[in-house]
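Student: Here's a sequence, model it:
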Amino acid sequence: MIKANDFYEHGLALHGHKCPAMPMGLRVGAAALNALGVERAADGQLLALVELGEEHCATCFADGVQMITGCTFGKGNIKKLHYGKWGVTLIEVATGRAVRVTPKAEAMLANKQTAFFKDYREKGIPASQVPLEVVQPLVDRVMNAPAEQLLSVGPIFEHPVERHPHSFAGLVCEACGEMVVEGYARLAGEQRVCIPCHERITGIREPRLAP
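Tutor: Numbers count the residues shown, from 1 in each chain. Purely as a prediction, here's the structure:
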């Protein structure tokens with residue numbers, strides 16, 4: 001049985017400030033691991049699909065999910081779906097077994113009615129500057145609430161994962177001299193260059209999610 005409390009201090013060290021969203025990610029991740037009966041991913045055994053979007057509240061949630069599931073940006077086994085929601089689908093890659101876990105709306109709404117949000121976060125005050133006596137009760141509530149009050153755990157379902165081998169092929173950009181993965185190189189005339197150099201030389205900007 002994976003316990004969210006066992007990962008709280010590590011999650012806090014990773015995340016950097018106290019808030020209710022990172023702990024909520026721990027709770028959701030723990031519930032998903034336990035529903036599947038799997039351990040934290042040391043490599044790419046699991047894939048997490050997180051429904052967060054960009055530039056909205058409580059995206060800190062993702063750090064809790066990363067901490068407890070072992071699905072991380074560095075391993076490439078966590079993906080954002082950009083729904084602006086807090087659901088997580090955790091998939092056991094080898095079997096395709098998956099489960100979707102979400103924080104209950106009433107739990108999220110209750111958090112948003114607290115002084116942490118109303119008196120500080122919604123006024124633009126960074127979470128790290130919220131007094132401990134304001135944020136700690138909220139953290140404690142999320143970490144200690146019974147799972148049935150906090151979370152909705154869906155049924156196990158099939159979600160096959162198409163696996164792609166990692167590329168080890170790379171080359172040196174002929175414009176900037178930096179290393180680039182071969183599949184990300186572009187031709188600018190006779191030169192094999194990285195994407196930023198290709199955009200600078202040709203004036204053609206490639207579509208991508210990051211600004």
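
Student: Just give the closest residue to A169, not the sequence neighbours.
Tutor: Of all residues not flanking A169 in the chain, E182 sits nearest, at 4.0 Å (C-beta to C-beta, 6 or more residues apart in numbering). In this view, the C-beta of every residue, glycine as well, is placed from N, C-alpha and C.

Student: Keeping just the C-alphas, turn stretch 145-158 into CSV.
Tutor: The C-alpha coordinates for stretch 145-158 follow below in CSV (Å, rounded to 0.1, in the frame of the first residue of the first chain):
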residue,chain,number,x,y,z
ALA,A,145,-9.0,13.5,4.8
PRO,A,146,-10.5,10.0,4.2
ALA,A,147,-10.0,9.0,0.6
GLU,A,148,-13.7,8.7,0.0
GLN,A,149,-14.2,12.3,0.9
LEU,A,150,-11.4,13.6,-1.3
LEU,A,151,-11.2,11.4,-4.4
SER,A,152,-13.1,9.6,-7.1
VAL,A,153,-11.4,6.5,-8.3
GLY,A,154,-12.7,5.1,-11.6
PRO,A,155,-12.8,1.5,-12.7
ILE,A,156,-9.7,-0.2,-14.2
PHE,A,157,-9.8,0.0,-18.0
GLU,A,158,-7.6,-0.8,-21.0
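
Student: Any figure for the gap between the residue nearest to A169 and I2?
Tutor: 38 Å (C-beta to C-beta, to the nearest Å).

Student: quick one: what helix or strand has the residue nearest to L90 when sequence neighbours are not counted in it?
Tutor: Leaving out its chain neighbours, the residue that sits closest to L90 by C-beta to C-beta, 6+ apart is A32, at 3.8 Å. Per DSSP states H and E: A32 is located in helix 21-36.

Student: what about E182 and I2, which has more around it?
Tutor: The residue with more neighbours, out of E182 and I2, is I2; 18 against 11, by other C-beta atoms under 10 Å.

Student: Retrieve the pLDDT associated with the more buried one.
Tutor: With respect to pLDDT, I2 scores 96.

Student: Now do stretch 118-138: everything it contacts.
Tutor: G16, H17, K18, C19, P20, C57, C60, N111, T114, A115, F116 (C-beta atoms under 8 Å, 6 or more residues apart in numbering).

Student: One more: stretch 27-36?
Tutor: Counting by C-beta under 8 Å, 6+ apart, 1-4, 7, 39-40, 48, 61, 64-65, 67-69, 86, 88, 90, 92, 97-99, 101-103, 142-143, 145, 147, 150-151, 153, 156 sit against stretch 27-36.

Student: Just the element for the nearest residue to A145 once chain neighbours are set aside, please.
Tutor: Leaving aside its sequence neighbours, A145 sits nearest to A107 (C-beta to C-beta, 6+ apart; 7.2 Å). Assigned by DSSP H and E, A107 falls within helix 105-112.

Student: Buried residues, that helix. List them.
Tutor: A107, M108, N111 (16 or more other C-beta atoms under 10 Å).

Student: Skip the chain neighbours and tell me the closest residue to the last one.
Tutor: Right, the one you point to is N111. Per C-beta to C-beta, 6+ apart, closest to N111 is P20, 5.0 Å.
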